[in-house]
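Participant: Here you go, sequence then predicted model.
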Amino acid sequence: MTGNRLPERPGEVIDRGTSLAFTWNGQGYTGYQGDTIASALAASGVEVFARSMKYKRRRGIMTADHWDPNLFVQVGDEPNVRAGSRCLVAGMEVSAQNVWPSLKFDVGAVNQMVGRFLTSGFYYKTFMRPKWFWHNVYQKVLRKFAPGGRIFWESSTHGAYDKRYAHPDVLVAGGGPAGMGAAIAAAEAGASVMLVEHEPELGGHLRWGDAADLAALAELTSAVEAHPGIEVVIDSTVTGRYDHNWMAVVQRSHEIAPERLIKARAASLVVAPGLIERPYVFAGNDTPGVMLSGAVRRLINLWAVKPGTRAVVLSANPEGDAAIADLEAAGVEIVAALDARAGEDIVEVEGRGRVDKVVLGDGRTVSADLVVIGIGWTAPTSLLNMAGDRPVYDPSAARYFPNQLPDGVLATGGITGNGTTDELVAHGRATGSLAASRALRSRHDRRVLAARARNPEGPKPEFLQDTRTPLARVPHPECYRSSTHGMVDLSEDVSSKDLVQASKEGFDSIELMKRYTTVTMGPSQGKLETVNASAVLAEARNMDMVDIGTTVWRPPYAPISLGALAGRIFEPIRRSALQDWHEAHGASPLLAGQWVRPDHYGDPVGEARNVRQNVGIIDVTPLGKLDLRGPDVTKLLELVYVNKWQKLDIGRVRYGTMVAEDGVVSDDGVTGRLGENHYLMTTTSSGAGAVWEMLEDYLQTYRPEWDVHVTAVTGGLTSINVAGPKCRELLLRLVEGVDLSPEAFPYFHVRRGSVAGVADCIIWRIGFTGELSYELHVPSGHALHVWESLLANGEDLGVRPFGVESQRILRLEKGHYIVGQDTDGLTKAPSAGLGGLVKLDKPDTLGLPELKAAYARTDLPMLVAIQPDDPQVVPMEAAQIVDGDSNRILGRITSSRMSPTLGRSVCLGQVDPSLAAAGTKVTILLIDGRRVTGTVQEHHAHVDPEGVRQNA
Amino acid sequence: MIVVNCPNCGPRNSSDLRPCGELTPRPDPSTASLSEWRTYLYLRENPAGWVTETWYCRNGCRRYFTIQRNTATNEIRDSEAP
């Protein structure tokens, strides 16, 4: 193991006092606190980190940062870790991924020899024939070559991911000199600022710069830290900018979550991402030991790692020149310093596991183990594109520049031009002030708009025009490809030769070429290769770069784990006041919409039988309950229900069905009249919210002159249905102030009284189960007392709680349909068998023209009760009803259960009208392919169609 | 996610509200022909430009209101109660 660690460097970020032990492919290594995985391995002499995706070529450090296409590793159970940016932690088990059988010897390397099968569009050309070969051979072999690490489904220890919302006035994307300047100036102007930096520390390129850079960095950092108006978010990336400056920020290191997604709404966005160094295309440009100038400067200056011993440097800019100085200071011999501005060039690199020989433009071949490339920059315009900008290529500076931005988005720093540190900071500061002034103006607007909540402070700030002095565009040679062909996309193993071939095959627009060759589609997502791809295409087509354009940058700019996207779930779970009791008494939970409910208490059939024989109680709190008050409630009921409501006396309850404006059954329930202008409406449990919003819609937008007040009381009233032949006897023991006799309190009537000493309960006689039953609506604070009193006072009557499943059995025996189960999004009112309930002679009701049209039709399916002829066969719900032995579908079973009361299966189903008559035989196709017959019944109710039990 | 200005609650994330689509007046159901009714139900102008929309402030004041929104740019103006 070679030691490549240099003596102390002035700007180094490692803590040499803290050694961290870790493993790489099972071997023990050590690094220092502050190392990345890659820098620690490089310091120990590791040169090959991965095998490339298609050709399995050996790959080493190329950029030594987050975007490095060659540094994807497995860390313990976490796949696809970016070793160029992930900080080293003691005990990490790091291994190469996508190698088979090992990093040193990968059989897939044979692909280099059969490369002609893997050229452009090979996805579309190979693995096609013979067809059966795909499943049996290709798929299995290709799996072995699939890139990416291993997922450990069972043993994941990643912890909980999190989510956060933020509302800064100004969000600065990029913490280099310009970004820090912008943050400081914006905060000084009174704006709240979130400063997001991609790396683990602020500073951008100043961090690996010279003494003057480090001094400037220290000054800027302390100014940022000193200002309370700036929140610094490090090791984080703004991954997307959406409408109205809605930003996604992925925070990779956070004390409580492995990754956190920050959703930030900022009035102003300052885009200051700097520049990304661009690789150079030539033969062998992906050989380990070929690095960009930024990579060697980072390795030397941040982590004190000597990147090689004998270097060839190709430079086209001051940063490339600075790399020469850093290499010399690190004791690296400069074999050749080539100046691309003077036309000097590299033609080819030879070497397998490491650079060995370099062929120069002048024909010389030199021996070296390091090739340093500093030939230009890519402007990461991603956030600008997402703000609607179409950056424009400037050939004199050999990169793209921002073009037209909305008022709320400003760019600064290297993405807009070149400058000294002072010039970058000054431009950043001017941008920060401008961003703050626009943000404060927008804050004023928001306060005016929310005038009821808050008053605006002072007059509206003036709109400041952009009077910034732009940064200069320093001329830069256009260096994209040498005279040889090499890799353009190192993530996807796409070479310049592949791109030329694609162009020849006719895939010669940049967007088409991207999809055909997969260039820019790998993990780098264009950061390194997108401009080179355009340049190669421009060359192949003999066109200008400006006319070629680039592929569109889309979010996310940096990868986000699925865990962070899922984050913390804010969906509330609703529980009735009795849910704790249910859980303590063995209830099996049922998630129904937002509610958790008792499905049963262990024996749904026994619970159902007990309701038919004795008495049962069920918690039906999720039933939607709307308190309606006002002189115009009747008009509202006439509008939203299909039936008539004018003659509902006080103390009466009526069943009603709702249809939407398209005539489709939307909800049902009962509504009772409690007083002259006071009603209580119930809805289905799942439709409670929608019905409430619908009532408000018509009251606010259609009939605002109606005087009706709607209050949702679903959670405020706990609803308990007491059902069974002995329920009156039970209630007689607990109810005061109400005459429960059948004569004084008949079916479909409502009374108010006290239950178990709880005053003002609403009691109504209705019957979803088909039994004699009362529904109690009790103030929720007293619900447990009432529930326990019912159980305690009915022991001798055999009272037992029953759950949702028993209720489903009982209601199906009685033939009551459930909206959304027995009806669907196409079920018009006549299909539900509403018969005489629907009144078409009303002047206005929802969906009236559709109702009239539907009742004129004879071809609508009908909801009918069906009994399978074999009483033991319980068809699965959604089983099809077919035409005899054919597969022509004539309907389907919508509800199906074994009836404990009848000892046979009972169903509801929607059938073609030709099958709707009582006594018709239907053929039911079971899921196992068997066909059984059933008979259509006269009534929906299988049990007690005359209603003797419920009317008792 | 766009920001919509509720006349009562001020600017809110659109996820706090429910979009109810282009404002379409409800014809008189007692006189409307089936085809007029279906135009009301299903047909929208859907321009690439300014449109009047109804929104419902479901997590706030629970009021329905209309806004003008440019469907091409998501620029929003004139928020008012119906």
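Facilitator: Perfect, thanks for sending it.
Participant: Flag every residue of chain A that's near chain B.
Facilitator: With Cβ under 8 Å from any Cβ of the partner chain as the criterion, chain A meets chain B at residues A:242-244, A:246, A:265, A:446-447, A:449-453, A:661-662, A:693, A:696-697, A:700-702, A:704, A:843-845, A:847-850, A:853. All C-beta atoms are positioned from the backbone trio N, CA, C, and that covers glycine.
Participant: Looking at these, which are in helices?
Facilitator: If you go by DSSP state H, these have A:446-447, A:449, A:693, A:696-697, A:848-850, A:853 in helices.
Participant: How about the backbone phi and psi for the residue nearest the centre of chain A?
Facilitator: Chain A has residue A:565 as the residue nearest its centroid, 4.7 Å off, counting by Cα atoms, centre = their mean. With angles defined as degrees, to the nearest 10, residue A:565 sits at phi -70, psi -40.
Participant: Torsion angles phi and psi at the residue nearest to it when sequence neighbours are not counted?
Facilitator: Excluding its sequence neighbours, the residue lying closest to residue A:565 (Cβ to Cβ, 6 or more residues apart in numbering or on different chains) is residue A:261, at 6.4 Å. Backbone geometry at residue A:261, expressed as degrees, to the nearest 10, gives phi -100, psi 120.
Participant: Quick one: neighbours of residue A:261, just the number.
Facilitator: Residue A:261: 23 surrounding residues under other Cβ atoms under 10 Å in any protein chain shown.
Participant: Who is it paired with across the strands?
Facilitator: Applying DSSP bridges to residue A:261 yields these beta-bridge partners: residue A:163, residue A:250.
Participant: From residue A:937, how far off is whichever residue of the stretch 851-952 of chain A sits closest to chain B?
Facilitator: Residue nearest to chain B within the stretch 851-952 of chain A: residue A:853 (5.4 Å; Cβ to the nearest Cβ). According to Cβ to Cβ, to the nearest Å, residue A:853 and residue A:937 sit 29 Å apart.
Participant: So for those two, which residue has more residues nearby?
Facilitator: Neighbour count, other Cβ under 10 Å: between residue A:853 and residue A:937, residue A:937 has more, with 20 against 15.
Participant: what's the burial count for the closest residue in space to residue A:471 that isn't next to it in sequence?
Facilitator: Leaving aside its sequence neighbours, residue A:471 sits nearest to residue A:417 (Cβ to Cβ, 6+ apart; 2.8 Å). Neighbourhood size, residue A:417 [other Cβ under 10 Å]: 20.
Participant: so what's residue A:417 up against?
Facilitator: A:401, A:427, A:470-474 (Cβ atoms under 8 Å, 6 or more residues apart in numbering or on different chains).
Participant: contacting residues for residue A:649?
Facilitator: Counting by Cβ under 8 Å, 6+ apart, residue A:649 has contacts residue A:673.
Participant: hmm, try it at 10 Å
Facilitator: A:673, A:749 (Cβ atoms under 10 Å, 6 or more residues apart in numbering or on different chains).
Participant: any idea which element it lies in?
Facilitator: Per DSSP states H and E: residue A:649 is located in neither a helix nor a strand.
Participant: Tell me how far it lies from residue A:473.
Facilitator: Counting by Cβ to Cβ - residue A:649 and residue A:473 are separated by 85 Å.
Participant: Residue A:766 too?
Facilitator: Taking Cβ to Cβ, one finds residue A:766 at 79 Å from residue A:473.
Participant: Then residue A:769?
Facilitator: 80 Å.
Participant: Looking at these two, which one has more neighbours?
Facilitator: residue A:769 (27 against 15).
Participant: Please identify the helix or strand for the spatially closest residue to that one that is not a sequence neighbour.
Facilitator: Spatial nearest neighbour of residue A:769, chain neighbours left out: residue A:810 (3.9 Å); criterion: Cβ to Cβ, 6+ apart. Using DSSP H and E, residue A:810 falls within helix A:804-814.
Participant: So which elements touch that helix?
Facilitator: strand A:588-592, strand A:595-600, helix A:604-613, strand A:616-619, strand A:717-723, strand A:889-899, strand A:904-911 (3 or more Cβ pairs under 10 Å, 6 or more residues apart in numbering or on different chains; DSSP states H and E).
Participant: Now with 7 Å, please.
Facilitator: Here helix A:804-814 touches strand A:595-600, helix A:604-613, strand A:889-899, strand A:904-911, going by 3 or more Cβ pairs under 7 Å, 6 or more residues apart in numbering or on different chains; DSSP states H and E.
Participant: Buried deepest among these, which one?
Facilitator: Highest mean neighbour count among those (mean count of other Cβ atoms under 10 Å in any protein chain shown): strand A:904-911, with a mean of 24.
Participant: Return the residues in contact with the residue nearest to residue A:565.
Facilitator: A:163, A:248, A:250, A:560, A:564-565, A:567 (Cβ atoms under 7 Å, 6 or more residues apart in numbering or on different chains).
Participant: before we move on, back to that, buried ones among the ones in helices among the residues of chain A next to chain B?
Facilitator: Using 16 or more other Cβ atoms under 10 Å in any protein chain shown as the burial test, these include A:446-447, A:449, A:696-697, A:848-850 as buried.
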